[in-house]
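1. How does the following fold in three dimensions:
(one chain, ligands or ions: 2)
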Amino acid sequence: MSKIAVSILAANTLYMAQAIQKVLDAGCDAIHFDVMDGVFVPNISFGPNLLRDIKREFTVYADVHLMLQDPLKYIDVFAESGADAITVHVESNTYSQAVRQIHKKGLRAGASLKPSTPASALTNLSETPDQVLVMTVEPGFGGQELKPEIIRKVAEIRRLGYRGIIEIDGGVSRANAGLLVDAGADILVLGTSFFKAEDPKELVRFIHGLS
Ligand code: DX5
Ligand code: ZN
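-> Ligands and ions are numbered 1, 2, ... in the order given. Sure, this is the predicted structure:
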């Protein structure tokens with residue numbers, strides 16, 4: 001069964017509690033928590049306080065995606081705020097130390113690849129990630145269209161012998177979910193398509209049914 005992590009970047013920030021409730025009511029598996037520093041990506045999003053408050057109020061798996069130039073600085077605070085998995089970009093300055101620190105905290109560690117970063121970037125890593133987050137849009141903004149030419153990267157990652165979890169992030173919708181699961185994705189991140197869905201429960205049932 002393919003899993004769904006909902007990117008709350010696409011939620012109305014003023015009504016975050018209702019948004020999280022909607023994610024849970026629809027039967028999703030996790031929230032995807034996008035953190036941006038305005039340096040690694042040209043946008044700023046949320047910090048650890050919001051994560052802490054969500055985790056105090058809800059029982060929900062938090063899949064944290066750090067789009068930060070220096071993720072190492074922030075691992076501890078996100079771990080203490082309730083992250084269950086923390087993903088850092090292989091293109092960032094402190095990827096390897098950050099993954100070691102995430103593991104030290106007992107959390108699942110992810111490695112994210114921007115669209116222009118080849119699958120082979122994973123072969124030179126000193127730390128093997130538990131999950132790989134394949135970006136199918138340029139990181140920084142929700143609501144973009146998935147770049148279909150990136151889908152083949154999933155098969156390339158498998159060909160390189162990677163056996164961990166593969167997650168796809170950016171522009172995922174009902175229309176392309178089947179293609180992504182067929183390509184070998186285990187987790188799909190849905191932002192805009194979830195919050196704009198007329199019937200989110202039906203969308204979740206449909207994606208969970210793909211295998
Ligand atoms: C982009 C973020 C994504 C994005 C997903 O930088 O990492 O998680 O918000 O949102 P949609 O599904 O709207 O592309
Ligand atoms: Zn993300």
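2. What segments of this structure are strands?
-> For the chain, the strands defined by DSSP state E occupy 3-7, 30-36, 62-67, 85-89, 108-113, 131-135, 165-169, 187-190.
3. how about these, which one is nearest G143?
-> With CB to CB as the measure, strand 3-7 is the member of those nearest G143 (10.1 Å). Just so you know, the C-beta spots here come from the backbone N, C-alpha and C atoms, and that holds for glycine as well.
4. Tell me the residue of the chain that sits nearest ligand 1?
-> For the chain and ligand 1, the shortest gap (CB to the nearest ligand atom) falls at G191, measuring 2.6 Å.
5. Please tell me the pLDDT value assigned to that residue.
-> In this model, G191 is scored at 98, pLDDT.
6. what's near enough to touch it?
-> Applying CB atoms under 8 Å, 6 or more residues apart in numbering, we find G191 in contact with V6, S7, I8, L9, A10, H32, G142, G143.
7. now do T94
-> Shown in contact with T94 (CB under 8 Å, 6+ apart): D70, P71, L72, K73, V88.
8. Count the neighbours of Y95 for me.
-> 21 (other CB atoms under 10 Å).
9. Surely it and T87 touch.
-> No: using CB atoms under 8 Å, Y95 makes no contact with T87, being 10.5 Å away.
10. Between these two, which contacts overlap?
-> A111.
11. and the protein, which residues reach ligand 1?
-> Within the chain, the positions near ligand 1 by CB under 6 Å from any ligand atom are 7, 9-10, 32, 34, 65, 137, 139-140, 142-144, 169-172, 189-193.
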